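Undergrad: Could you work out the structure for the sequence below:
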Amino acid sequence: MNNRIIVLKRFILIDILACVATGLFIFAGTMVSLHRFWQYEVFYYNFGIFDQAIWHVSRFRPPIIEHLLVGGKPLFADHFDVSILLLAPLFWITDRSEILLVAQAVFTGLAGLIIYAIGVHALRDKLMALAILLCYFFFVGIQSAVITDFHDLTVMTLPLALTFWAIVKGHLKTFWLFFLITIGFKEVTVLLGISIALFLIMYRPSWKIHGVIAIVFSLTWGALTFKVLIPYFSGGIYLHQPVFPETIGGKISALWDHPLKRTTVWYSLLQFGFLPIFFPAMWFAIVQDYVVRFLPKFVETRWSLGLQYNAPVSVLLGVASVFGYALIQKLVRSFRYLIALFLVGNAFVLFRFVHHGPFLLAVNPAFYEHTNNFHFLDEAIAVIPKDASIMTQNNLGARFTHQRFMYLRLNYESFAPDYILLDAREGQNPNNTLFSGSIEQILKKVRSDEQYELIYHRGDQYVFRRRPREEK
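TA: Model prediction:
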């Protein structure tokens, strides 16, 4: 009896540790994301585009966004991100844009907890499930996704994990709910949908017909979004048409032809102790992620462990690790403590000493102190009325997503914004002035423009207001 109580306490303790780890991950992701926002390291592109669309839907309006090519049109003219709009009720709680960053950290953290639940169910070994969970949390790929603006692929981690959980638990209706939500996050989820369906067919042969339906649905979804829906909203074009190598050999070699690609795959598998290799049913799911990222030309930002592009594969690797270990579990049972120690130690070393994971900022006092250095921008932004149209730079635009925002342009007079906000400091992040061109040239032009008056100037920050008609 006493032995049973001890075992029960150990099981409960591991559950508590999993929940604590999840809480710490969410806390770290939230704090780093919020302070990056307050340090103006979050941008209208991509954060503001989603924020603006979700905000409009929360007010029961069309998800209209600002965009250089499809500005003034719904979000679907850029990407078909219908599932992201399910976050609209968050803005019934608060009108602060930061709520999306908190939600993003929560979703990715809970996705890890779902991977743990899958591990507990499939392995009947909470210790190994916890070890795989920590591999996921220490993975620089998911951490980079959390602290990089706000993105559909990052938020998608939770419904993606829940889709696998529903398959493992045998909940068919729940599977279809989260499968459809997952696919609805972006038009490029075609191969992901097929890979989930293939896993379903192999894991639950009795659901084979549902797997076939899921494959057909994924293919239909891709054709419909690429060829019909997005062109309908954009005016006949798909802005993100990829450019592939011309030859078959070129397409194959594109999967490993750059050191950055090879490094990304190596460290991704190493992070999870190469366990995903032991589970062939997930190979297509993992490979398709790298195919989508590596095959197109001229998209180097997708090749590394940074940005949001590693978010989906983080979940896939976690789930594959669970079942990879399940296949070798009986062979290595006597070494489970050593394997768990290796997995966690290896993941921590990669996080702390190799990649210097971004969540380390959460325990860096200098990072928080740096936030106080941006009050001068807060003061300039406070000058702009909440109901006015505003033209400004990419990083400042993230603060004006709930009103009419326009990218800063040299031909600003064609858009006639009520206010123009300029930050002319030297040495800024290049993303700050993305799409804007020379700030100095714009500043010189607007200063001599009789249609605008300077109403705020402090240091290198300028706010111009369009004069009323009678004053021109």
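
Undergrad: Identify the residue nearest the geometric centre of this protein.
TA: The structure's the chain has its C-alpha centroid closest to residue 154; by CA atoms, centre = their mean the separation is 2.7 Å.

Undergrad: Can I get the helix or strand where that one lies in CSV? Just the C-alpha atoms.
TA: Using DSSP states H and E, the element containing residue 154 is helix 152-155. Output of helix 152-155 as CSV, limited to C-alpha atoms (Å, rounded to 0.1, in the frame of the first residue of the first chain):
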residue,chain,number,x,y,z
ASP,A,152,-0.4,32.7,-37.7
LEU,A,153,2.1,29.8,-37.9
THR,A,154,3.1,30.3,-34.2
VAL,A,155,-0.5,30.5,-32.9
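
Undergrad: May I have whichever helix or strand comes after it as CSV, with CA atoms only?
TA: Following helix 152-155 in sequence order, the next helix or strand is helix 157-169 (DSSP H and E). What follows is helix 157-169, C-alpha atoms only, in CSV (Å, rounded to 0.1, in the frame of the first residue of the first chain):
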residue,chain,number,x,y,z
THR,A,157,0.9,25.2,-32.7
LEU,A,158,-2.0,24.7,-30.2
PRO,A,159,-4.7,23.4,-32.7
LEU,A,160,-2.0,21.4,-34.4
ALA,A,161,-1.0,19.7,-31.2
LEU,A,162,-4.7,19.2,-30.3
THR,A,163,-5.3,17.5,-33.7
PHE,A,164,-2.7,14.9,-32.9
TRP,A,165,-4.0,14.5,-29.4
ALA,A,166,-7.5,13.9,-30.7
ILE,A,167,-6.1,11.1,-33.0
VAL,A,168,-4.2,9.5,-30.2
LYS,A,169,-7.2,9.7,-27.8
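
Undergrad: if we can go back for a sec, let's see the pLDDT reported for the residue nearest to the centre of the chain.
TA: Per-residue pLDDT puts residue 154 at 98.

Undergrad: With residue 240 instead?
TA: 89.

Undergrad: Next one: it from residue 294, what distance?
TA: With distances taken as CB to CB, to the nearest Å, residue 240 is found 16 Å from residue 294. No exception for glycine: its C-beta is placed from N, CA and C like everyone else's.

Undergrad: what's the answer for residue 56, then?
TA: From residue 56 to residue 294 the distance is 35 Å (CB to CB).

Undergrad: Then residue 441?
TA: 38 Å.

Undergrad: More neighbours: those two, which one.
TA: More neighbours surround residue 294 than the other of residue 441 and residue 294, with 20 against 11 (other CB atoms under 10 Å).

Undergrad: show me where the stretch 51-200 of the chain has strands.
TA: Here the stretch 51-200 of the chain has its strands, by DSSP state E, counting those that start in this stretch, at 64-65, 73-74.

Undergrad: Check which helices and strands the first one sits against.
TA: Spelled out, that is strand 64-65. For strand 64-65, the packing partners by 3 or more CB pairs under 8 Å, 6 or more residues apart in numbering; DSSP states H and E come out as helix 49-58, strand 73-74.

Undergrad: Which one of the ones you listed lies nearest to residue 288?
TA: In terms of CB to CB, the element of those nearest to residue 288 is helix 49-58, at 24.2 Å.

Undergrad: what's the lowest-mean-pLDDT helix or strand in the chain packed up against?
TA: Every helix and strand of the chain was ranked by mean pLDDT, DSSP states H and E. The lowest is helix 2-38, at a mean of 88. When contacts are defined as 3+ CB pairs under 8 Å, 6+ apart, helix 2-38 packs onto helix 98-123, helix 126-138, helix 140-147, helix 365-371.

Undergrad: which sections of the stretch 351-472 of the chain are below the confidence cut-off?
TA: Within the stretch 351-472 of the chain, the segments meeting pLDDT under 70 span 470-472.

Undergrad: Going by residue numbers, what spans are helices in it?
TA: 365-371, 375-382, 394-397, 439-447 (DSSP state H, counting those that start in this stretch).
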